[in-house]
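Asker: Prediction below, plus the sequence it came from.
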Amino acid sequence: MTDWNDLRVREFPVATRWAYFDHAAVAPLPKRSADRLRLWIDDQENNGVVNWPDWERKLEAVRRTAARLIKADRDEIAFITSTTQGIGIVAEGFPWRNGDNVVTAAEEYPSNVYPWMNLADRGVSLRMVPTRDGRIWIEDLDAAIDSHTRLLTISHVEFASGFRNDLNAIGELCRKRGIAFFVDAIQGLGPLEIDVQQTPIDFLAADGHKWLLGPEGAGIVYIKKEWIDRLRPIGVGWHSVINCYDHSKIDFRLKPSAQRWEGGSFNMPGIQALGASLELIDEIGAAEVSRRILDRAEAAREVARQAGWSVYGSSRPEDRSGIVSLEREGVDPKHVVKQLRDMGIATACRGGRLRLSPHIYNNQDDFDRLREAFVTIAKNEVAAPSSMTFDRNDVETIHNEVE
C-alpha cells in the first residue's frame, strides 16, 4: 500500500509552494525525473558524447517501460516530441484514397483536428460529430461513418469537459465497420489504464508532460504491428534503417518496427526524464495510480459542490476522468483562475469552464486550501462578470500551446 504523504514529500517539491491542480496542462516533475535531467546535463557538460552508448541503453529501457504501460510490444513503440507529431505520423502516412473521410468528435483538442483537416488537398474530408448533453454518443459516431470512412480518431478523455470516451465500445464499433481506430491518449493515460491487447486500438499517441509526469517534448506513439508496413514512413532519416550505425554506405532497408519513424537524433534528456516518471508509475502500479487519481478528482468535485460550483458533464462514474470541469452562474472562470493563482493554487480555464486536474500526491491540505480559496472568492465578490476583459498577461495565455 502506497504511503501517499511520504511520496508527496519525497517526490513532489512543487507541493511545498503550490496546491497544484493543473496536471491536464503541464505537470510538475517528480524529483527523480528532475534528478535524471540534472544527471544528463552534468554528463553532457563534462563528457560530451563519450557516454552516448549508455544513453541509448537507457532509452531502450524507457521504451520497454512505456510498452509495458499499455501492454504493447516494444517494437510497436516510437518516441515522439509531441502528441501532434504522433497524430501527424498516422495522418500523413495513412494509405488514403480520394473521397475518403475521417470521423472525430467536435470537441477534440485542435491537435486532433488540424492534421486531419490538412488532408483536404488529398481528397480526404473530416466529419466532426457534435456532443449531446455534455457527452459523445457512440450512436452518433456510428451514424457519421459511411462506406468512405477509413479512420475514426478520438481522445480517450476530452480536454475541456473531462468526458471519458469508452475505448472498448468505440474500438468494437471501428472493428465492426472495418475502419482504423486512432486514440489521442494524452489526457487519459495515467488516470486510466489502457491495454492495447484487449482494446482494438490501431494507433495511439501521448506526450508525457501531463498525467505521465514527464517533461515536455518526450512522448510515445503506438503503431500496431499490422500497420507498420502499411503506413508510409515520414520523417525518415539515418536512424530509420536497419544498419543505422553503418554510415559508410547507403542501405535503404527500413527497420521492421515503429523505430522507422525515429529518423534522427533523440531528445535524450527528455526521454530519460520521462523514463524516471514512468518508473514511478510502474513502481506504484498503473491500476493503483488510476484509482488514486480518480479518487482525487472525486474529492475535487465534492469541494467544488460545497462551494456552490456545478460539476459539468455526465454523473456516471464510467464517464469520468481525472479532469473536473466546473461552472458557476455569473462567475467568469478566467478571473477565478487568476485569483486562485494569486493564492498559490494552480488551475486552468478550458471550454469556458474552470478546470481542475489533481494527481496522486494531492492531499487534504491541498483540498482545504482550495475550499478556503473558494470561500474567500465568494465572500469578497471578486469573481469578474463575463464581460470583463483581460490583458495579454492573463493566465490563459500562459498555456496557449497546451491542453
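Answerer: Yep, it's here. Numbering: from 1, shown residues only.

Asker: what domains does the record give for the protein?
Answerer: 4-24+285-398, 33-283 (automatic domain parsing).

Asker: Would you single out the least confident of the ones you listed?
Answerer: Among the domains of the chain, domain 4-24+285-398 carries the lowest mean pLDDT, at a mean of 90.

Asker: After the helix or strand encompassing I154, which helix or strand is next? Please name it.
Answerer: According to DSSP states H and E, I154 maps onto strand 149-155. Downstream of strand 149-155, the first helix or strand assigned by DSSP H and E is helix 167-177.

Asker: Which residues does whichever helix or strand comes after that next one contact?
Answerer: Next helix or strand after helix 167-177 toward the C-terminus (DSSP H and E): strand 180-184. Contacts to strand 180-184, defined as C-beta atoms under 8 Å, 6 or more residues apart in numbering, come from residues 83, 87, 90, 94, 108-109, 111-112, 150-156, 167, 170-171, 174-175, 194, 200-206, 227. (C-beta placed from N, C-alpha, C; glycine too.)

Asker: Repeat that for stretch 121-138.
Answerer: Contacts for stretch 121-138 (C-beta under 8 Å, 6+ apart): 96-108, 113, 116-117, 119-120, 140-141, 144, 149-150, 154, 158, 161, 163, 165-166, 169-170, 173, 312-314, 319.

Asker: From these, list the buried ones, please.
Answerer: Buried by 16 or more other C-beta atoms under 10 Å: 96, 100-105, 107-108, 113, 116, 119, 140-141, 144, 149-150, 154, 158, 161, 163, 165, 170, 173, 312-314, 319, out of the contacts of stretch 121-138.

Asker: residue contacts, the nearest residue to G235 once chain neighbours are set aside?
Answerer: Distance criterion C-beta to C-beta, 6 or more residues apart in numbering; nearest residue to G235, sequence neighbours excluded, is G263 at 4.4 Å. Applying C-beta under 8 Å, 6+ apart to G263 gives the contacts 235-240.

Asker: Emit the ChimeraX select command for whichever of those residues are buried.
Answerer: To isolate the buried subset of the contacts of G263 in ChimeraX, counting by 16+ other C-beta under 10 Å, use the following:
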select :235,236,239,240
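
Asker: Now distance to N5 too, for the contacts of G263, in a markdown table please.
Answerer: Output for those, formatted as a markdown table (distance: C-beta to C-beta, whole Å):
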| residue | distance to N5 |
| --- | --- |
| G235 | 44 |
| V236 | 49 |
| G237 | 47 |
| W238 | 48 |
| H239 | 43 |
| S240 | 46 |
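
Asker: I'd like the distance from R292 to W4, if you could.
Answerer: 7 Å (C-beta to C-beta, to the nearest Å).

Asker: ugh, wrong one, I meant I250
Answerer: On the measure of C-beta to C-beta, I250 and W4 end up 54 Å apart.

Asker: mind checking the backbone torsions on N165?
Answerer: Dihedral pair for N165: phi -80, psi 140, per degrees, to the nearest 10.

Asker: tell me the contacts of it?
Answerer: Contacts of N165 (C-beta under 8 Å, 6+ apart): 105, 136, 154-158.

Asker: Closest one to W52 out of these, please.
Answerer: H156 (35.0 Å; C-beta to C-beta).

Asker: where along the stretch 251-400 of the chain do the strands fall?
Answerer: 310-311, 324-327, 345-346, 348-350, 353-356 (DSSP state E, counting those that start in this stretch).

Asker: Distance to L231 and mean neighbour count added to these, as JSON lines?
Answerer: Shown next, in JSON lines, are these (distance: least, C-beta to C-beta, whole Å; neighbours: other C-beta atoms under 10 Å):
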{"stretch": "strand 310-311", "distance to L231": "40", "mean neighbour count": "16"}
{"stretch": "strand 324-327", "distance to L231": "35", "mean neighbour count": "24"}
{"stretch": "strand 345-346", "distance to L231": "38", "mean neighbour count": "22"}
{"stretch": "strand 348-350", "distance to L231": "32", "mean neighbour count": "25"}
{"stretch": "strand 353-356", "distance to L231": "34", "mean neighbour count": "25"}
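
Asker: Minimum distance to S33: which of the ones you listed has it?
Answerer: strand 345-346 (18.1 Å).

Asker: Give the partner strands of that closest one in its sheet and their orientations.
Answerer: strand 19-20 (parallel) (DSSP bridges).

Asker: ok, longest helix in this structure?
Answerer: Ranked by residue count and defined by DSSP state H, the top helix of the chain is helix 286-306.

Asker: What are the contacting residues of it?
Answerer: Here helix 286-306 has contacts from 2, 4, 21, 69, 190-193, 211, 281, 311, 320-324, 326, 356-360, 362, 367, 370-371, 374, using C-beta under 8 Å, 6+ apart.

Asker: Sort out which of those residues are in helices and list them.
Answerer: 4, 69, 281, 367, 370-371, 374.

Asker: with these in mind, which one is nearest to L340?
Answerer: For the ones in helices among the contacts of helix 286-306, the nearest to L340 is L370 (7.8 Å; C-beta to C-beta).

Asker: ok, and the closest non-adjacent residue to that closest one?
Answerer: L370 sits nearest to V303 (C-beta to C-beta, 6+ apart), 5.4 Å away.

Asker: what separates the one you found from D140, distance-wise?
Answerer: Distance from V303 to D140, by C-beta to C-beta: 33 Å.

Asker: I'd say F374 and W309 touch.
Answerer: Yes. Using C-beta atoms under 8 Å, F374 is in contact with W309, at 7.4 Å.

Asker: what's the first-to-last distance across stretch 135-150?
Answerer: Counting by C-alpha to C-alpha, to the nearest Å, you get 24 Å between the two ends of stretch 135-150.

Asker: so how far is it off the chain centroid?
Answerer: 24 Å (C-alpha atoms, centre = their mean, to the nearest Å).

Asker: Numbering from 19 from now on, please.
Answerer: With the count now opening at 19, the last piece we talked about shows up as stretch 153-168.

Asker: The contacts of G281: which two are farthest apart?
Answerer: Most distant of the contacts of G281, by C-beta to C-beta, are G253 and W256, 11.5 Å apart.

Asker: Which neighbours do these two have in common?
Answerer: 281-282.

Asker: Share the number of residues neighbouring H227, please.
Answerer: Using other C-beta atoms under 10 Å, the number of residues around H227 comes to 26.

Asker: How about the contacts made by it?
Answerer: 44-45, 233-237, 420.
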